[in-house]
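Peer 1: build me a structure from this.
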Amino acid sequence: MRQKLSDLEIQRALGGLAGWARRGDALSKTFIFERFADGIAFVDRVAKAADEMDHHPDIDIRYTKITMTLSTHDAGGITSSDLKLAERIESVTT
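Peer 2: As a prediction, this is how the structure comes out:
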């Protein structure tokens, strides 16, 4: 089982993740695209990366706004897996 990170560890990591914010026991970021299809293509890239990592985000699709929420449910909060997935999501945004 993965270990929850401390508040300090999370704050430090967020310094290197532009646009990501802590929302309770999760990390969250909203991405905005020009077209609906661009957002869906982004979700597809995230899905492939998440499957490779065996760690999956909650995804909310609202037309051209895609919100990713990351939390390790079995650990009850934010773990290093969430930070790694956030970094990977950033790498597939374009």
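Peer 1: just the residues contacting the helix ranked longest in the chain, thanks.
Peer 2: Longest helix in the chain, counting residues (DSSP state H): helix 36-53. Identification of contacts with helix 36-53 by Cβ atoms under 8 Å, 6 or more residues apart in numbering yields 31, 33, 56-57, 59, 61, 63-66, 68, 81, 84-85, 88-89, 91-93. All C-beta spots, glycine's among them, are computed from the backbone N, C-alpha and C.
Peer 1: how near is the closest residue to residue 32 other than its chain neighbours to residue 42?
Peer 2: Nearest-residue entry for residue 32: residue 65, 5.4 Å, with adjacent residues in sequence omitted and distances by Cβ to Cβ, 6 or more residues apart in numbering. When distance is defined by Cβ to Cβ, to the nearest Å, residue 65 is 11 Å away from residue 42.
Peer 1: try residue 91
Peer 2: 12 Å.
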